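K.L.:
got a sequence here, can you model it:
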Amino acid sequence: MKNNRLKTIVLVGASVAALVVSSTTVQAAPKALKSIKIAAVVKGLDNPYFIGVKNGIVDTAKKLGVTANVQAAPGLNDETGQANKLDALAGQNYDCYIVIPISSNNLSQAIGKITKKGKTVVNIDSPVDPASLAAAGGKISTFAGTDNKAAGASGGQAMVKLIGTGKKIGLIAGLAGNVTSNARIDGFKAGAAGSTFVGPVNADWDTTKALDAAKAMLAANPDLAGFFAANDQMAQGIGQAVKEAKKNIPVFGVDGIPDILTLIQNGTVAGSVSQYPYVMGKMGVEACIVAAQGGSLPANTITPHFVIQKSNIAQVIAGKNVLPLGKYADPYEAKIKK
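P.N.:
From the prediction side, this is the model:
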């Protein structure tokens, strides 16, 4: 009897073990695309660059059949307004959140709330400060954006090819202390090494402020040979200041927004280091889908940049500068389970 009981226990134990092994090998079906909900908070849509990001998110979500709710900051520099938008969305039931912070830390507290709910946060374009994020208990699952230092360096190299080495160049930056602006300015200085630099002067990403800063810089430095702005909206203002001063000074910006293409075409601005906001929005949605389906994400993905000048402007305008002229790597797309 004792032996029979022992056999029964062994058999039952073996059956339980088999069930345990079986349960660890069965994988749940990936989450259906139509059930995935994504929220996004971008910078102000008063800058056409972020309209490009929004279009990339909306178009990709529609193409893949997921739901996407895109919210924007009330204004390009409204840090509190943007944080309030994300804070409100954090309390709602989304699988994943895409964020582009106005400053490096204004969204950290809201991201912390999202992380504590076990939800995924994808950071695109402008990075969140790691220290403020850690203090808030937040986590970024992946970052996709331009290497802003490399983009600035490309602008510096293009400038030197136009004006030569050892010349004086004015620098107009965005918000004081902004990580993105600083990286572009530092990159430009490295790319144009050997030049003399005036500034940078902060113009807060604003066209009118950049116009005024450029006028003052030209008055104080009549030997200026070029200008670099950390974004295209400021480059527009600088181009106007140069035009009013009746000078022939090349101006480079960053972003590749639609208005700057016209100014490159007519010679008001020499060039722009184009980013591809549509691609960033697209990758943000793809990353969210991969995460929602249980896939792994790379820590960082560098999105493409390209120097637009008079020599290639016709080709760029023909394609509306939505996608890069050449191929680029997208590590998220292939991981989506359709």
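K.L.:
let me see the domain layout of this structure.
P.N.:
Listed domain ranges for the chain are 33-146+277-304, 148-274 (source: automatic domain parsing).
K.L.:
nearest to A314, out of those?
P.N.:
domain 148-274 (8.1 Å; Cβ to Cβ). In short, each C-beta sits where N, CA and C put it, glycine included.
K.L.:
for that closest one, measure first residue to last.
P.N.:
Taking Cα to Cα, to the nearest Å, the first and last residues of domain 148-274 lie 11 Å apart.
K.L.:
just to revisit the earlier point, make JSON lines out of the domains of the chain and add mean pLDDT and distance to I313.
P.N.:
Shown next, in JSON lines, are the domains of the chain (pLDDT from 0 to 100; distance: least, Cβ to Cβ, whole Å):
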{"stretch": "domain 33-146+277-304", "mean pLDDT": "97", "distance to I313": "17"}
{"stretch": "domain 148-274", "mean pLDDT": "97", "distance to I313": "5"}
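K.L.:
distance to K335 added to those, as a markdown table?
P.N.:
Shown next, in a markdown table, are the domains of the chain (distance: least, Cβ to Cβ, whole Å):
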| stretch | distance to K335 |
| --- | --- |
| domain 33-146+277-304 | 5 |
| domain 148-274 | 25 |
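K.L.:
could you dump the ones you listed to CSV with distance to S311 and mean neighbour count?
P.N.:
Output for the domains of the chain, formatted as CSV (distance: least, Cβ to Cβ, whole Å; neighbours: other Cβ atoms under 10 Å):
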stretch, distance to S311, mean neighbour count
domain 33-146+277-304, 18, 20
domain 148-274, 9, 21
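K.L.:
which among those is found nearest to N321?
P.N.:
Here domain 148-274 is closest among the domains of the chain (Cβ to Cβ), at 5.3 Å.
K.L.:
find the residue at the geometric middle of the protein.
P.N.:
D125 (1.0 Å; Cα atoms, centre = their mean).
K.L.:
pretty sure that residue contacts N148?
P.N.:
No - using Cβ atoms under 8 Å, D125 is not in contact with N148, being 9.6 Å away.
K.L.:
overlap in contacts of the two?
P.N.:
Between them, D125 and N148 share no contacting residue under Cβ atoms under 8 Å, 6 or more residues apart in numbering.
K.L.:
the residue nearest to the centre of the chain: what's it in contact with?
P.N.:
53, 100, 145-146, 275, 277, 280.
K.L.:
nearest to K31 among those residues?
P.N.:
For these, the nearest to K31 is M280 (23.3 Å; Cβ to Cβ).
K.L.:
after the host helix or strand of the closest one, next one along is what?
P.N.:
Using DSSP states H and E, the element containing M280 is helix 277-292. Downstream of helix 277-292, the first helix or strand assigned by DSSP H and E is strand 300-302.
K.L.:
after that next one comes which helix or strand?
P.N.:
Counting by DSSP H and E, the element that comes right after strand 300-302 along the chain is strand 306-309.
K.L.:
which strands border that next one, and is each parallel or antiparallel?
P.N.:
strand 271-274 (antiparallel) (DSSP bridges).
K.L.:
and the contacts of the strand it pairs with?
P.N.:
Strand 271-274 has contacts (Cβ under 8 Å, 6+ apart) with 151-152, 154-155, 158, 232, 235, 250, 252-257, 260-261, 264, 305-310, 316, 321.
K.L.:
then stretch 198-215?
P.N.:
Identification of contacts with stretch 198-215 by Cβ under 8 Å, 6+ apart yields 47, 76-77, 168-176, 181, 185, 216-217, 220-221, 224, 227, 229-231, 233-238, 240-242, 244-245.
K.L.:
return the subset of those residues lying in strands.
P.N.:
Using DSSP state E, 168-173, 227, 229 are the members of the contacts of stretch 198-215 that sit in strands.
K.L.:
now distance to N84 too, for those residues, in a markdown table please.
P.N.:
Output for the ones in strands among the contacts of stretch 198-215, formatted as a markdown table (distance: Cβ to Cβ, whole Å):
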| residue | distance to N84 |
| --- | --- |
| K168 | 44 |
| I169 | 39 |
| G170 | 37 |
| L171 | 33 |
| I172 | 30 |
| A173 | 27 |
| F227 | 36 |
| A229 | 30 |
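K.L.:
with those in mind, which one is nearest to G191?
P.N.:
Checking the ones in strands among the contacts of stretch 198-215 against G191 with Cβ to Cβ, the nearest one is I169 at 10.8 Å.
K.L.:
how far away is the nearest residue to the closest one once chain neighbours are set aside from T60?
P.N.:
Once flanking residues are discounted, I169 sits nearest to G226: 4.5 Å by Cβ to Cβ, 6 or more residues apart in numbering. When distance is defined by Cβ to Cβ, to the nearest Å, G226 is 38 Å away from T60.
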